[in-house]
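1. Whatever this is, show me its structure:
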Amino acid sequence: MFYFAFDGAEHFYGDPEPAPGARVSFVPDKLYAARKRRTGRPVDRQLVHDDGLLVNEIAMDVSMWPSSLWRVADLEPMRPGPERRWVRCRAFTVVEQVPAWLAAGPHGEAVEWVMTQARALSSAQAEALAAQSDEGEAALTRTLWTRWSPQYNGCSPVGWALTALQEVVTEAARRVGPHLFGPDEDDEVEVLCDPAWLRAWSAAYAAALALGAPGFLAPEENARLARRWTTVFGSPDLPGR
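-> Residues are numbered from 1 along each chain as shown. Next comes the predicted model:
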């Protein structure tokens with residue numbers, strides 16, 4: 001089984017857009033045009049080894065939070081490659097759309113719930129999250145990661161969702177104002193540095209792990225790890241919960 005993650009037309013270098021039954025083909029000119037927009041300079045119209053349509057064998061290997069996720073088949077690989085769980089394709093056939101939250105694993109719907117709340121995070125909610133005790137949170141997080149690491153290959157117990165979650169919290173903070181940010185002297189960029197918002201981010205991180213990877217801790221431990229988030233936002237009303 002293979003998956004193609006769609007993240008809007010700007011990052012889609014194929015034609016037509018995914019739809020059930022469509023035969024999607026890689027269009028190099030779309031890739032060249034996107035590179036030119038990003039750099040503002042003429043680009044080398046040559047393909048390199050990792051160009052093409054990226055397809056993942058495992059949904060959790062998708063390295064972004066997709067706007068839509070598609071199961072695909074009949075791959076036309078660009079060239080033979082090493083034994084990996086992804087392939088760059090000239091073309092594939094779309095079989096069906098599947099829930100985007102599968103990128104975070106079998107409990108990804110709960111991670112999507114955390115992501116939705118985080119995307120609209122307000123100053124009042126950030127302050128409410130920050131005001132609560134996080135006692136035991138760090139220890140439980142370490143335990144979860146320790147139990148996961150020896151058994152699994154991948155970015156995290158919830159795929160790349162933690163990276164996406166950090167991005168949406170940062171975007172929410174930017175909507176509030178630039179006073180929440182400060183310079184990172186090493187990278188010379190502006191980063192989120194407000195203490196309350198950083199504690200809000202850590203609460204979102206803990207909740208995503210507790211709700212999205214519940215098999216590594218006891219139920220009462222998962223509840224404690226997610227408590228700051230669920231105290232402010234309630235519990236997700238999801239099937240099976």
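2. Just give me how far stretch 110-127 sits from the chain centre.
-> Counting by CA atoms, centre = their mean, to the nearest Å, stretch 110-127 is centred 15 Å from the centre of its parent chain.
3. In this protein, where is pLDDT below threshold?
-> The chain contains residues with pLDDT under 70 at 49, 79-84, 239-241.
4. what's the single longest strand in it?
-> What stands out as the longest strand in the chain, according to DSSP state E, is strand 86-98.
5. domain parsing for the protein?
-> 2-98, 103-233 (automatic domain parsing).
6. and residue 189, how many neighbours does it have?
-> Residue 189: 9 surrounding residues under other CB atoms under 10 Å. Just so you know, the C-beta spots here come from the backbone N, C-alpha and C atoms, and that holds for glycine as well.
7. tell me the secondary structure for the residue lying closest to it once chain neighbours are set aside?
-> In this structure, residue 189 finds its nearest non-sequential neighbour in residue 183, 7.4 Å apart by CB to CB, 6 or more residues apart in numbering. Classification of residue 183 using DSSP: H, G, I helix; E, B strand; the rest coil returns strand.
8. where exactly do the strands run in the protein?
-> 2-6, 14-15, 23-26, 53-56, 68-77, 86-98, 181-184, 189-192.
9. check contacts around the most far-flung residue of the chain relative to its centre.
-> Distance to the chain centre peaks in the chain at residue 42, reaching 31.2 Å (criterion: CA atoms, centre = their mean). Taking CB atoms under 8 Å, 6 or more residues apart in numbering, we find residue 42 in contact with residue 36.
10. Residue 34 too?
-> The contact partners of residue 34, by CB under 8 Å, 6+ apart, come to 10, 11, 13.
11. Of those - the most surrounded one?
-> Of the contacts of residue 34, with other CB under 10 Å as the count, residue 13 tops at 20 neighbours.
12. Which stretch among the domains of the chain is buried most, on average?
-> Among the domains of the chain, judged by mean count of other CB atoms under 10 Å, the one packed with the most neighbours on average is domain 103-233 (a mean of 18).
13. related to what we said a few turns ago, and the residue nearest to residue 189, what are its bridge partners?
-> Beta-bridge pairing for residue 183 (DSSP bridges): residue 190.
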